[in-house]
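Asks: Kindly generate the corresponding structure for this input.
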Amino acid sequence: MEQTFSLAEIQDVAKRFWQRYESEKIFALHGNLGAGKTTFIHALCDSKGVRDIVSSPTFSIINEYRFADKDEEKKIYHIDLYRMNSEEEARQAGIEDCLYSGEICLVEWPEKAPEIFPADTVHIYIEPVDAQLRKISIINN
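Replies: Next up, the predicted model:
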């Protein structure tokens, strides 16, 4: 799947994303600094009704958000591997615990530790077209 959208349309794109990938759990977001990974994650969390403040986990590495789904409380792990130097460091930080928890995981900079991701990870590539447009490409193994 490939789509170009404006930042004004991002909430609609996030809603359609969840409709298409409602049963998937692990999402790896690829893109350069400033491409819009965190902005898209924020829209995805808004679409799920996350009650927590969504922010970049660059220094905390893992942020945990909560949302209600069919009267059941669920979690989203927002993970940022930017500061990781190896897959072993990612493991020691508890990333695998999140990835195999059964909860939704939205991971920025997955290329820092590609070996720890399950085979069914959905890869999302975001790139800026211009100041207001983004192109998103999604590969679902």
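Asks: Mind jotting down where the helices sit in the chain?
Replies: 10-20, 37-48, 87-92, 95-99 (DSSP state H).
Asks: And the last one, what's buried?
Replies: Neighbour counts over helix 95-99 (16 or more other CB atoms under 10 Å) mark 95-96, 98-99 as buried. No exception for glycine: its C-beta is placed from N, CA and C like everyone else's.
Asks: Out of the residues you listed, the closest to Ala43 would be?
Replies: Nearest to Ala43 among the buried residues of helix 95-99, counting by CB to CB, is Cys98 at 20.6 Å.
Asks: Let me see the contact set for the closest one.
Replies: If you count contacts by CB atoms under 8 Å, 6 or more residues apart in numbering, Cys98 has them with 62, 77, 79, 105.
Asks: Distance of it relative to Asp71?
Replies: 24 Å (CB to CB, to the nearest Å).
Asks: next one: Thr4
Replies: The gap separating Thr4 from Asp71 is 37 Å, by CB to CB.
Asks: Kindly state the pLDDT recorded for the nearest residue to Val107 once chain neighbours are set aside?
Replies: Once flanking residues are discounted, Val107 sits nearest to Ile79: 4.5 Å by CB to CB, 6 or more residues apart in numbering. In this model, Ile79 is scored at 97, pLDDT.
Asks: wait, what's in contact with Ile79?
Replies: Contacts of Ile79 by CB under 8 Å, 6+ apart are 57, 61-63, 95, 98, 105-108.
Asks: could I get the contacts of Cys98 as CSV with distance to Phe40?
Replies: CSV is the format used below for those (distance: CB to CB, whole Å):
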residue, distance to Phe40
Ile62, 18
Tyr77, 16
Ile79, 14
Cys105, 14
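Asks: before we move on, back to that, what about the contacts of Ile79, which one has the most neighbours?
Replies: With neighbours taken as other CB atoms under 10 Å, the top of the contacts of Ile79 is Val107, carrying 30 neighbours.
Asks: shouldn't that one be in contact with His30?
Replies: No: if you go by CB atoms under 8 Å, Val107 and His30 don't touch, sitting 9.7 Å apart.
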